[in-house]
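Engineer: Sequence and predicted model, in that order:
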Amino acid sequence: MTVRYDGYDRIAVVTGSDSGIGEAIAVALARSGFDVGITYRSDDSGAKATAEKVRAAGRRAEMRHLDLTELPGAADVVDELADALGGLGVLVNCAGTGIATPVIDTGYEQWREVLAVDLDGPFLCAQRAARRMSAAGRGGRIINITSVHEHAPRVGAGAYCAAKGGLGLLTKVMAQELASHGITVNAVAPGEIATPMTGNEDVDPFTVDRPGIPAGRPGDANEVAAVVAMLAGPQSAYVTGSSWVVDGGMLLMGPQAGSHLTTDEWREG
């Protein structure tokens, strides 16, 4: 049965929005007309700076501390922010972590922390958001920030790849289950983005040479945020269950891809 929804709340919660991609998403959504709930794990000053940018765009901002290793209770933040802002129309699961450790050397505590932050936490937050949105009956948007490693493996990133791959499939299942409620669920899968997490803090990505990426450079966090803002908008009501790769063509390289590439010789065939 097709149900027509009048329009979801113009209120978004963006986890991990104290810096990097999350900060860019929060600001982009504010500029698109959303009040924004901001979360941070350790960077209180970064979260305050994001809130100032949201308010400068003419929208309301609320901040909360969120540590996704403290589950399941940490997911309460979704409801706290929704209550503070007066509703919830969009959830962006952006908070994440990772390690660079071969599988045989990965300790169980390391494994569990990555899975908690990158998979368990998004599951619980999305569940909270979906319950609120379906109860309100006005539809909504859930957007999970995964990674190109939702789709392709990387040596030394077993826990990260397992979590992001799992979140990618969870996205598809939730898209099936929530479509009748007018709630779309999509993933955005960044490649290398110039952020603190990739060691490119405060760097103009156009000044960084990446021969192994067809675009020839890392991405900018705002380029990821633009795709999220599109998916969060009312015009994207027929887009669900998809993973939107934002990687400058990295995945197109297939077996040729790799950070080990230092020249453009591959372009010559």
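Structural biologist: Received the coordinates, thanks.
Engineer: for the strand ranked longest in the chain, packing partners?
Structural biologist: The longest strand of the chain (DSSP state E) is strand 183-190. Judged by 3 or more CB pairs under 8 Å, 6 or more residues apart in numbering; DSSP states H and E, the packing partners of strand 183-190 are helix 121-136, strand 140-145, helix 158-178, helix 221-232, strand 243-246. Heads up, the C-betas are built off the backbone N, CA and C, glycines and all.
Engineer: who's in contact with the shortest one?
Structural biologist: What it means is strand 243-246. With CB atoms under 8 Å, 6 or more residues apart in numbering as the contact definition, strand 243-246 has outside contacts at 146, 148, 150-151, 168, 171, 186-191, 193, 219, 223-224, 227, 231, 251.
Engineer: ok, now the longest one?
Structural biologist: Where contact means CB under 8 Å, 6+ apart, the residues beyond helix 158-178 that reach it are 93, 98-99, 101-103, 106, 110-111, 114-115, 117-119, 122-123, 126, 130, 133-134, 142, 144, 146-147, 149-151, 153-154, 184-187, 189, 240-241, 243.
Engineer: One more: the second one?
Structural biologist: Contacts to strand 140-145, defined as CB under 8 Å, 6+ apart, come from residues 8-9, 21-22, 25, 88-94, 96, 122, 126, 129-130, 133, 167-168, 170-171, 174, 178, 182-190, 224, 228, 231-232, 236.
Engineer: Report the mean confidence score over it.
Structural biologist: On average, the pLDDT along strand 140-145 is 98.
Engineer: Return the most buried member of the helices and strands packed on strand 183-190.
Structural biologist: When you average the neighbours per residue for each of the helices and strands packed on strand 183-190 (mean count of other CB atoms under 10 Å), strand 140-145 leads with a mean of 27.
Engineer: Counting neighbours, which bits of stretch 37-52 end up buried?
Structural biologist: With burial defined by 16 or more other CB atoms under 10 Å, the residues of stretch 37-52 counted as buried are G37, I38, T39, Y40, R41, G46, A47, T50, A51.
Engineer: still on that earlier bit, next, the angle helix 221-232 makes with the longest strand of the chain.
Structural biologist: Put simply, strand 183-190 runs at 160 degrees to helix 221-232, going by axes from the mean of the first three to the mean of the last three CA atoms, to 10 degrees.
Engineer: Parallel or antiparallel, which strands does strand 183-190 pair with?
Structural biologist: strand 140-145 (parallel), strand 243-246 (parallel) (DSSP bridges).
Engineer: sorry, back to before: let's have the helices and strands packed on strand 183-190 in JSON lines, adding distance to I213.
Structural biologist: Conversion of the helices and strands packed on strand 183-190 to JSON lines gives the following (distance: least, CB to CB, whole Å):
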{"stretch": "helix 121-136", "distance to I213": "26"}
{"stretch": "strand 140-145", "distance to I213": "19"}
{"stretch": "helix 158-178", "distance to I213": "19"}
{"stretch": "helix 221-232", "distance to I213": "13"}
{"stretch": "strand 243-246", "distance to I213": "12"}
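Engineer: Out of the ones you listed, flag the one nearest A61.
Structural biologist: With respect to A61, and counting by CB to CB, the nearest of those is helix 221-232 at 15.8 Å.
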